[in-house]
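Asker: this one's structure only:
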């Protein structure tokens, strides 16, 4: 079997998953060569060549297991398949792993490959595309053909000559200036998934899920003031104001205060792209004003993090933030938090170790690797390597 093979169907993907689960049950007394193979299989998802396996074995025997992990991650399949499958569920509401490569998933893959500080994933003026001429379709704000071709033609995403970083603000047809871009938040794929319809609260919710590892149930806090809750939220649902104060406030107080950062963004179903109305609040922020006319009226893209005080202060908000304008500054606020670091490590742990942290030793390791993540300029590749070393004997 070609070691660069990857599953193309749901059945093939399921078969691979069953095989990987079997690896997870392997005995913990494996020697260096078995550990090397387990590490490669878990990181990449396909067997290593004999030469690569021997190199990894030598690194482990020599007391340098991190080197073995980096050797494994040199395999192009780590980028084109393993990382792609890992990040794809973040790019859509359903969490579907079978979606095509897109500018959101491609940008995460590129940031891992190039050790771009991952705490900028929600704030950088950055997108990864194929190099000029690699595929026939150029990057487009109105379709995903460029990325579909990259995937269909098995373009090597590990090759910096074929897969390159670009500034979102300089792409042909870009409507965003550098200060208005916000990493994956302002990619086309994120706009289609999270700025479409609704009230743009969805973008905040899935940012919390994907980058703080917390849905609204975990962020619920009824102690925050209701000043920022918009007019569309009735204060007496079902005629009972107690429901509002004891339930609705828990999510809306913090969420509405943050989601104002997205006030100028909208997904245009006709043009099939994200639009940006600089200085003009999208009408979706002002709907159903008669539900509670005394509610907050969004007049600009300002935001405030009410969760810096109260139970959610435990997320470890850091720096001089806490308020700002626009999606970029909110992305900096999130990426600076301790919860952001722990979340990325927890997601990598679940992927590489094939189970979420569930023992005292696992939780201690998550904290240690989060420290390493921050100390190494937020290198997510280092997180994969550290996690693979921890799990290679388990």
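Answerer: That came in fine, so what should we check first? Here the structure is a predicted model, which is why all the values come from computation and not from measurement.
Asker: does residue 128 sit in a helix, a strand or a coil?
Answerer: Of the three states, residue 128 takes strand under DSSP: H, G, I helix; E, B strand; the rest coil.
Asker: sorry, that was for residue 37
Answerer: Classified using three-state DSSP, residue 37 is helix.
Asker: what residue ranges in this protein score low on pLDDT?
Answerer: Confidence mapping of the chain against pLDDT under 70 gives the ranges 1-29.
Asker: excluding residues flanking it in the chain, which one is nearest the residue nearest the centre of the chain?
Answerer: Nearest to the geometric centre of the chain sits residue 210, at 5.1 Å (CA atoms, centre = their mean). Counting by CB to CB, 6 or more residues apart in numbering, residue 90 is the residue found nearest to residue 210 once chain neighbours are left out, at 4.4 Å. Where you see a C-beta, it was placed from the backbone N, CA and C, and this is true even at glycine.
Asker: that neighbour belongs to a strand?
Answerer: No - if the criterion is three-state DSSP, then residue 90 is helix and not within a strand.
Asker: and it, what is it in contact with?
Answerer: 104, 105, 108, 206, 210 (CB atoms under 8 Å, 6 or more residues apart in numbering).
Asker: filter the residues you listed down to the buried ones.
Answerer: By neighbour count, with 16 or more other CB atoms under 10 Å, the contacts of residue 90 hold 104, 105, 108, 206, 210 as buried.
Asker: and the second one, how far from residue 278?
Answerer: It refers to residue 105. Remark: distance between residue 105 and residue 278 (CB to CB, to the nearest Å) = 28 Å.
Asker: would CSV of the buried ones among the contacts of residue 90 with secondary structure be doable?
Answerer: Formatted as CSV, these follow (three-state DSSP):
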residue, secondary structure
104, helix
105, helix
108, helix
206, helix
210, helix
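Asker: now distance to residue 154 too, for these, in TSV please.
Answerer: Output for the buried ones among the contacts of residue 90, formatted as TSV (distance: CB to CB, whole Å):
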residue	distance to residue 154
104	20
105	16
108	19
206	29
210	27
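Asker: which of those lies closest to residue 361?
Answerer: Residue 361 has its nearest neighbour among the buried ones among the contacts of residue 90 in residue 210, at 26.1 Å by CB to CB.
Asker: separation between that closest one and residue 257?
Answerer: From residue 210 across to residue 257, the span is 20 Å (CB to CB).
Asker: the stretch 151-300 of the chain: strands as residue ranges?
Answerer: 163-166, 265-268, 273-276 (DSSP state E, counting those that start in this stretch).
Asker: just name the most buried of these.
Answerer: strand 265-268 (a mean of 20; mean count of other CB atoms under 10 Å).
Asker: tell me which strands and helices that one is in contact with?
Answerer: Under the contact criterion of 3 or more CB pairs under 8 Å, 6 or more residues apart in numbering; DSSP states H and E, strand 265-268 touches strand 273-276.
Asker: and the next helix or strand past the strand it packs on?
Answerer: Once strand 273-276 ends, the next helix or strand along the chain (criterion: DSSP states H and E) is strand 302-304.
Asker: parallel or antiparallel, list what pairs with that next one.
Answerer: Paired neighbours of strand 302-304 in the sheet (DSSP bridges): strand 323-325 (antiparallel).
Asker: check which residues of the strand it pairs with are buried.
Answerer: The neighbour-count check on strand 323-325 (16+ other CB under 10 Å) flags 324, 325 as buried.
Asker: ok, the residue nearest to the centre of the chain to residue 389 distance?
Answerer: Taking CB to CB as the measure, residue 210 falls 25 Å from residue 389.
Asker: before we move on, what about residue 57?
Answerer: Applying CB to CB to residue 57 and residue 389 gives a distance of 14 Å.
Asker: nearest to residue 114, of the strands of the stretch 151-300 of the chain?
Answerer: Proximity of the strands of the stretch 151-300 of the chain to residue 114 was assessed by CB to CB; the nearest stretch is strand 163-166, lying at 6.9 Å.
Asker: what residues does that closest one touch?
Answerer: Contacts of strand 163-166 (CB under 8 Å, 6+ apart): 106, 109-110, 113-114, 116, 126-131, 134, 139, 150, 155-157.
Asker: can you list which of these are found in helices?
Answerer: 106, 109, 110, 113, 150 (DSSP state H).
Asker: among those residues, which two are most distant?
Answerer: Using CB to CB, these span at most 13.9 Å, a distance reached by 113 and 150.
Asker: joint contacts of these two?
Answerer: By CB under 8 Å, 6+ apart, residue 113 and residue 150 have these common neighbours: 157, 163.
Asker: these two: which is more packed in?
Answerer: Neighbour count, other CB atoms under 10 Å: between residue 113 and residue 150, residue 150 has more, with 25 against 21.
Asker: quick one, what contacts the nearest residue to that one once chain neighbours are set aside?
Answerer: Leaving out its chain neighbours, the residue that sits closest to residue 150 by CB to CB, 6+ apart is residue 130, at 5.1 Å. Going by CB under 8 Å, 6+ apart, residue 130 touches 146, 149, 150, 155, 162, 163, 164.
Asker: same thing but 7 Å
Answerer: 146, 150, 155, 162, 163 (CB atoms under 7 Å, 6 or more residues apart in numbering).
Asker: how about those residues in CSV, adding distance to residue 171?
Answerer: Compiled in CSV, those are given as follows (distance: CB to CB, whole Å):
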residue, distance to residue 171
146, 11
150, 16
155, 19
162, 18
163, 16
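Asker: burial count for the nearest residue to residue 338 once chain neighbours are set aside?
Answerer: In space, and not counting its chain neighbours, residue 338 is closest to residue 316: 2.7 Å by CB to CB, 6+ apart. Residues near residue 316, counting by other CB under 10 Å, number 14.
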